[in-house]
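Enquirer: I would like to see how this sequence folds:
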Amino acid sequence: MSINFDNFPTFSEEHFHTWINELTPIEEHKGYLVKRDDLFNLGGVSGGKVRQCSKLVYDNLDHIKNDCNGGILTAAGIPSPQSCITSAVAKYFGLKCMVTIPHYPDHIRDSYRVNASLSQKFGAKVYGVGNPNISGPELDAKKLVGETGYFQIKFGMNGKQVMETIAQQVKNIPDCVETVVGIAGSGLSMLGVALGCKLYNKNVKTIHPVALSGYIDKNKKMWYDRLSPNDKFDGEFHVVQSEYPYQHKLKLDESLPLDQTYEAKAWDWMVKNLEPSEKVLFWDVGIKEYDLDYIEPIKWHKSEYEKIIDREVRRKSKVTKHDFF
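Expert: Numbers count the residues shown, from 1 in each chain. I've put the predicted structure just below:
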């Protein structure tokens with residue numbers, strides 16, 4: 001699905017409530033059932049995380065407009081769709097937006113660079129940081145919150161709301177399903193599935209989050225383990241580690257569109273470990289945009305914090321050269 005910039009949806013109470021409460025369909029693919037949450041979309045930006053971000057902004061909309069200078073911001077890694085999703089949601093609600101990511105040269109053209117370009121096309125200001133690790137953008141986001149007062153979109157900081165949004169989508173899982181498989185980045189999507197299985201009294205006995213990192217353990221302790229025992233999934237929540245690292249792109253020959261950084265790795269684990277059956281459901285969270293034609297030069301911005309770091313690096317460089325010569 002291509003991005004529709006010219007006829008992008010605009011927030012209204014009627015549109016929002018109809019759109020946000022739609023149940024995405026269950027389909028069959030190669031003998032497995034698939035929850036097509038990747039079909040939920042906002043002007044072509046797709047996936048359950050779009051719903052999560054939209055609901056989070058809606059629940060805090062008055063606060064954002066009145067106390068946060070009408071703006072939202074997020075920190076993201078270059079491969080992550082979070083920068084694009086947050087920018088699209090900001091455009092939908094008519095809010096200002098900033099995204100902070102590791103700085104990269106304009107000559108690099110690959111699918112990882114699509115997200116930043118889409119963020120810029122949606123009207124966000126893109127802030128570059130020198131530290132290529134996710135800790136760099138996260139620290140910069142914290143500094144930018146101090147500079148601007150904007151509301152920070154960080155799914156791990158708003159885990160309860162994220163899990164509740166996902167839980168509602170469990171409603172149409174068929175009674176025949178006993179096992180659910182899905183990818184786990186932050187892990188909040190699969191924790192939301194666990195919450196929903198209890199909420200709607202589903203027959204699911206086992207949930208397999210295929211983890212790309214240890215974040216799911218952190219978020220489980222932070223958000224899920226604190227719930228009342230009456231709200232917790234009765235079955236087995238069995239985290240399995242993906243055999244592929246986060247940065248690895250996995251391209252599978254499937255008619256079902258699967259994100260190469262995320263969903264493909266969970267699908268790969270499932271077909272290797274579970275026989276096709278209507279008792280097994282794959283939870284498809286979403287898919288990024290891979291069209292390189294969206295890439296454009298970034299008009300980089302810098303926080304005051306990053307400017308100070310740059311000046312300090314240049315100062316030390318001059319001192320080193322002077323001492324050497």
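
Enquirer: Leaving out the residues flanking it, which one is nearest to residue 251?
Expert: residue 260 (5.6 Å; Cβ to Cβ, 6 or more residues apart in numbering). No exception for glycine: its C-beta is placed from N, CA and C like everyone else's.

Enquirer: any idea how far that neighbour lies from residue 285?
Expert: Distance, residue 260 to residue 285, using Cβ to Cβ, to the nearest Å: 13 Å.

Enquirer: quick one, which of the two is more surrounded?
Expert: A direct count of neighbours by other Cβ atoms under 10 Å for residue 260 and residue 285 places residue 285 higher, at 25 against 18.

Enquirer: and the nearest residue to residue 246 once chain neighbours are set aside, how far is that from residue 223?
Expert: Distances taken as Cβ to Cβ, 6+ apart put residue 212 closest to residue 246, at 4.6 Å, once the chain neighbours are dropped. With the distance defined as Cβ to Cβ, residue 212 ends up 18 Å from residue 223.

Enquirer: Could you pull out the strands in the protein for me?
Expert: Secondary structure of the chain (DSSP state E): strands located at 26-29, 32-36, 41-42, 45-46, 71-75, 96-102, 125-129, 151-152, 179-184, 206-211, 236-237, 240-241, 280-284.

Enquirer: Test for you: state the pLDDT assigned to residue 321.
Expert: We have a pLDDT of 48 for residue 321.

Enquirer: For the residue nearest to residue 94 when sequence neighbours are not counted, list the residues it contacts.
Expert: In space, and not counting its chain neighbours, residue 94 is closest to residue 11: 6.6 Å by Cβ to Cβ, 6+ apart. By Cβ atoms under 8 Å, 6 or more residues apart in numbering, the contact list for residue 11 reads 92, 93, 94.

Enquirer: who wins for neighbours among these?
Expert: Highest neighbour count within those: residue 92, with 24 neighbours (other Cβ under 10 Å).

Enquirer: Contacts only, for that one.
Expert: 8, 9, 10, 11, 42, 43, 54.

Enquirer: Out of the strands of the chain, which is closest to residue 306?
Expert: Residue 306 sits nearest to strand 125-129 of all those, at 5.8 Å, using Cβ to Cβ.

Enquirer: That closest one to strand 71-75, inter-axis angle?
Expert: 30 degrees (axes from the mean of the first three to the mean of the last three Cα atoms, to 10 degrees).

Enquirer: For strand 125-129, give me every contacting residue.
Expert: 83, 97-104, 116, 119-120, 136-137, 139-140, 144, 298-303, 306.

Enquirer: What subset of these is buried?
Expert: 83, 97-103, 116, 119-120, 136-137, 139-140, 144, 298, 300, 302-303, 306 (16 or more other Cβ atoms under 10 Å).
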